[in-house]
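Asker: need a 3D model of the sequence below.
(4 chains)
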There are 2 protein chains.
Amino acid sequence: MKAKISDVAKIAGVSPTTVSRVLNNRGYISKETRENVYKAMKEINYFPNDIARSLFNKRTNLIGMIVPQTSNPFFGELAFHIESICASLNYKVLLCNSLNRIDKEKKYVEMLIRNQVDGVIAVTYNRGIFDSESQSLPVVAVDHYLSTDIPTVSSDNYSGGKQATELLISKDCKHIIHINGPLKLETPANLRRKAYENVMKKYGKQPITYEISNTFDRNIQRETISKVFEENPEVDGIFASDDLLAALVVAEAQKRGKNIPRDLKIVGYDGTEASQTLLPGLTTVQQPIESIAQTAIDILLKEIEGEFSNIPREICLPVKLLEGQTT
Amino acid sequence: MKAKISDVAKIAGVSPTTVSRVLNNRGYISKETRENVYKAMKEINYFPNDIARSLFNKRTNLIGMIVPQTSNPFFGELAFHIESICASLNYKVLLCNSLNRIDKEKKYVEMLIRNQVDGVIAVTYNRGIFDSESQSLPVVAVDHYLSTDIPTVSSDNYSGGKQATELLISKDCKHIIHINGPLKLETPANLRRKAYENVMKKYGKQPITYEISNTFDRNIQRETISKVFEENPEVDGIFASDDLLAALVVAEAQKRGKNIPRDLKIVGYDGTEASQTLLPGLTTVQQPIESIAQTAIDILLKEIEGEFSNIPREICLPVKLLEGQTT
DNA sequence: CTGAAAGCGCTTACAG
DNA sequence: CTGAAAGCGCTTACAG
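Answerer: This next block holds a predicted model:
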């Protein structure tokens, strides 16, 4: 049987109330009593039951974190930073991999509510998963607009898209194509495409965007990329909306005997540690993943503390263009 | 205020006991009552408080998962599978990024105990983090021996190391070097080195293993790799103990003007989705990450259910050699 | 400086 | 088929 507070009390010769007091450092307690209690806790290897505490306190110090998939380096890195920062603040993280599926996300949200999480950090493409039932639940969205009253943290996608496109143009690319994920929703990431299109038009060029419908099926992605080359034999610049996509473009280009960067220039997006290690030559727009995590947590904690006054509705963090050998 | 069971009871005109019964599908309940209760729950948006349930049931359905760092694709992918499988079995996962630091691991273990997790899946290099206090805690280790009574799930590291080395030999490499992480501990991953050394000896070659002391500092890794080339100008084959390391070797070799695979052949280890996408040409030994996750969970659940009888002390899953363009 | 009592939201014998 | 009571392990007024 696990030791409980009354066991400690018995051994230390005090009441459970007193044990609780030394545990929480509340009220006056004689040095002697305190030491006796500590000794008793050591003796029977006592650890407080945080479940019981949470029930009373109506505070779990639990944060729900919904990401599409930690095996994707961007989300894996984001998850790492979020959890690490939370741990340093004494918050615990419940991990949820949603695969962007709305059914899973809804289930996860319900699970998080049942588990009384203090707040949720959500990286999800689906609006409407936080509804009526979760009105009072503190939520912060990363990289996606979820609803008018949920703050969003993202990096400066417009600037990133602009820098990527302008780089390709400055390198003399004539036929630049953009490949993006699902475009249906008003996500900040969509601004990457907007920026691409605007820059293209500004330079009198025709923007062409290909959409990858499924983010999780590499074969579908490969097919789309193959189509890009088939339908645009003159393509000499590609801006891919994430590094994995860019890597697939690199592979397909090599398969087709194209010399990079001579025949084709490629810019990716994300600049994760993993992609920079595995494909260090890739030119890419690096997101400030750690500050995204930090900012999201700062905002969420404010919401949790009830400081709704000075919470920005949207925070946009700067990106950094990393020039490699693919441009 | 959040709705609770007594609110539902009041509205449905029954006792809390009855509400609990319909919630848990226990005992006989008239159809009418059941429907009234459901209607009441809908009406006030009631969700059961799992914290309160857990307190009573002494069962949280929580699993602690300790990994070094989810930003590393191998652990990110493992974490994804573990969490996904757990979710499908109605278990929730508390994420812990330990960075392999024993102080962090100990803190995480204590946190998990306080939170009454039903069990822990640990990928850690440090023995002794599960001590006396956690005797009764179900634990399963992945890829590392933690103690004699903690089951270990790993892939067949010896076979992987053997296949990698034999491949290099069969490709006519004369001077093959192995680069590994910290070697101090008796981890299954150490078998990769053992296998390398045995195969080398078998073929009358001198095994040379370089050790990377810090897994998290890319610069230290780069320095060690640079040293490998400096000290062994004749090297024509390198077996790196993970894909990120292999990628660094590729980069360094290119920097030194070596043609891969003509002048130098490289084999990595892990074969994650991310590394196979970002560096598809890499020859590597692929670990069965999903089955590792599945197996670890199977074993952990058995421990949780108290079925200690038929739990193997060690499970070893088959690896797969993926030949790319680096050999 | 310390303890007895009540309660956090739930569930399960027990009784009817 | 249903309800009143006790209890999961803790904490906090309240009283001394």
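Asker: which stretches of chain A form strands?
Answerer: Along chain A, counting by DSSP state E, strands occupy A:62-67, A:92-97, A:119-122, A:139-142, A:152-155, A:176-180, A:208-211, A:237-240, A:265-270, A:283-286, A:314-317, A:320-322.
Asker: paired strands for the fifth one, with orientation please.
Answerer: When you say that, I think you mean strand A:152-155. strand A:139-142 (parallel), strand A:314-317 (parallel) (DSSP bridges).
Asker: what's the pLDDT at whichever residue of the stretch 151-300 of chain A sits closest to DNA strand C?
Answerer: At 22.3 Å from DNA strand C, A:L300 is the closest residue in the stretch 151-300 of chain A, using Cβ to the nearest atom of the strand. For every residue, glycine as well, the C-beta is placed using N, CA and C. For A:L300, the model assigns a pLDDT of 96.
Asker: OK, contacts around it?
Answerer: By Cβ atoms under 8 Å, 6 or more residues apart in numbering or on different chains, the residues touching A:L300 are A:I63, A:G119, A:V120, A:I121, A:P138, A:V139, A:V140.
Asker: now with 7 Å, please.
Answerer: By Cβ atoms under 7 Å, 6 or more residues apart in numbering or on different chains, the residues touching A:L300 are A:G119, A:I121, A:P138, A:V140.
Asker: figure out which of the strands paired with strand A:152-155 is closest to DNA strand D.
Answerer: Among the strands paired with strand A:152-155, strand A:139-142 comes nearest to DNA strand D, with 26.3 Å by Cβ to the nearest atom of the strand.
Asker: so which residues on the stretch 151-300 of chain A come close to chain B?
Answerer: When proximity is defined as Cβ under 7 Å from any Cβ of the partner chain, the stretch 151-300 of chain A approaches chain B at A:R218, A:L244, A:A247, A:L248, A:A251, A:E273, A:A274, A:S275, A:T277, A:L278, A:L279, A:P280.
Asker: which of the residues you listed count as buried?
Answerer: Among these, the ones that count as buried by 16 or more other Cβ atoms under 10 Å in any protein chain shown are A:L244, A:A247, A:L248, A:A251, A:E273, A:A274, A:S275, A:T277, A:L278, A:L279, A:P280.
Asker: out of those, which one sits closest to A:M41?
Answerer: A:E273 (41.2 Å; Cβ to Cβ).
Asker: ok, now how distant is the closest one from B:G237?
Answerer: 27 Å (Cβ to Cβ, to the nearest Å).
Asker: same check on A:Q221?
Answerer: Using Cβ to Cβ, we find A:Q221 at a distance of 33 Å from B:G237.
Asker: got it, and A:Q325?
Answerer: 25 Å.
Asker: just say which of the strands of chain A is most tucked in.
Answerer: Highest mean neighbour count of these: strand A:237-240, a mean of 30 (counted as mean count of other Cβ atoms under 10 Å in any protein chain shown).
Asker: so what's the model's average confidence on that one?
Answerer: The average pLDDT within strand A:237-240 is 96.
Asker: sheet-wise, list the partners of it with their directions.
Answerer: Looking at strand A:237-240 with DSSP bridges, its partner strands are strand A:176-180 (parallel), strand A:265-270 (parallel).
Asker: let's have these in a markdown table, adding mean pLDDT and distance to A:K227.
Answerer: Putting the strands paired with strand A:237-240 into a markdown table (pLDDT from 0 to 100; distance: least, Cβ to Cβ, whole Å) gives the following:
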| stretch | mean pLDDT | distance to A:K227 |
| --- | --- | --- |
| strand A:176-180 | 95 | 10 |
| strand A:265-270 | 97 | 17 |
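Asker: quick one: which of those strands is nearest A:F56?
Answerer: For the strands paired with strand A:237-240, the distance to A:F56 is smallest for strand A:265-270, at 43.1 Å, taking Cβ to Cβ.
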